[in-house]
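Q: fold the following, please.
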Amino acid sequence: MATEYSARAVKSYQVAMDVMDTLSDVLVDVSEIISSVMASLTRDKTGTRRFIYVEVAFLKMWWEDQSDSTRQALVQLVNNGRLVLHHTNTRCSEITLKR
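A: This next block holds a predicted model:
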C-alpha cells in the first residue's frame with residue numbers, strides 16, 4: 001500500500017515539474033512577445049499602431065519582473081490606448097497595475 005502511494009506521489013511530482021517547465025518556457029516566450037510589442041509601439045512615433053493583448057495572467061507574471069521604467073512605459077501605452085488589454089472577451093477599460 002505504501003509503495004502504491006509512493007509511486008503515485010512520484011508520478012504527481014513528475015507531472016507537476018513538467019507543468020512548471022512548460023509554464024516557464026511559455027513565460028519566456030510571452031516575455032519576448034510583450035517586450036517586442038512594447039518596443040514596436042514605442043518606436044512608432046505616429047501613434048497609429050495598436051496591439052490587443054488577451055493573456056492578462058501572463059502579463060501579470062511579466063509585470064512582476066519588470067523595472068519601474070518598463071512598467072511606466074506599459075502604463076503609458078495602455079493609457080494612450082496603444083496597448084489594449086482584454087480579459088475573457090471583456091475589455092478592461094480601467095486597469096490597475098500595482099507596483
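Q: do a quick rundown of the strands in this structure.
A: Listed in chain order, the strands of the chain (DSSP state E) span 51-53, 83-87, 90-91.
Q: most tightly surrounded among these?
A: Among the strands of the chain, ranked by average contacts under mean count of other Cβ atoms under 10 Å, first place goes to strand 83-87 (a mean of 17). Every C-beta, even on glycine, is put in place using the N, C-alpha and C of the backbone.
Q: strand partners (parallel or antiparallel) of it?
A: Strand 83-87 has the following strand partners under DSSP bridges: strand 51-53 (parallel), strand 90-91 (antiparallel).
Q: just to revisit the earlier point, as TSV, the strands of the chain with distance to residue 77 and mean pLDDT would be great.
A: Shown next, in TSV, are the strands of the chain (distance: least, Cβ to Cβ, whole Å; pLDDT from 0 to 100):
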stretch	distance to residue 77	mean pLDDT
strand 51-53	8	87
strand 83-87	4	82
strand 90-91	15	46
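Q: of these, which is nearest residue 69?
A: Residue 69 lies closest, by Cβ to Cβ, to one member of the strands of the chain: strand 83-87, at 15.9 Å.
Q: and the contacts of that closest one?
A: Strand 83-87 has contacts (Cβ atoms under 8 Å, 6 or more residues apart in numbering) with 37-38, 41, 50-54, 56, 59, 74, 77-78, 91-92, 95.
Q: the residues you listed: which two are farthest apart?
A: That would be 38 and 91, which, of these, are the farthest apart (Cβ to Cβ) at 19.6 Å.
Q: in stretch 35-43, what counts as buried?
A: 37-38, 41 (16 or more other Cβ atoms under 10 Å).
Q: and it, what's its mean pLDDT?
A: The average pLDDT within stretch 35-43 is 91.
Q: quick one: residues in contact with it.
A: For stretch 35-43, using Cβ under 8 Å, 6+ apart, the contacting residues are 49-51, 53, 70, 73-74, 77, 82-83.
Q: mind giving me the PyMOL select for the residues you listed, buried ones only?
A: The PyMOL selection below is limited to those of those classed as buried (16+ other Cβ under 10 Å):
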select buried, resi 53+73+74+77+82+83
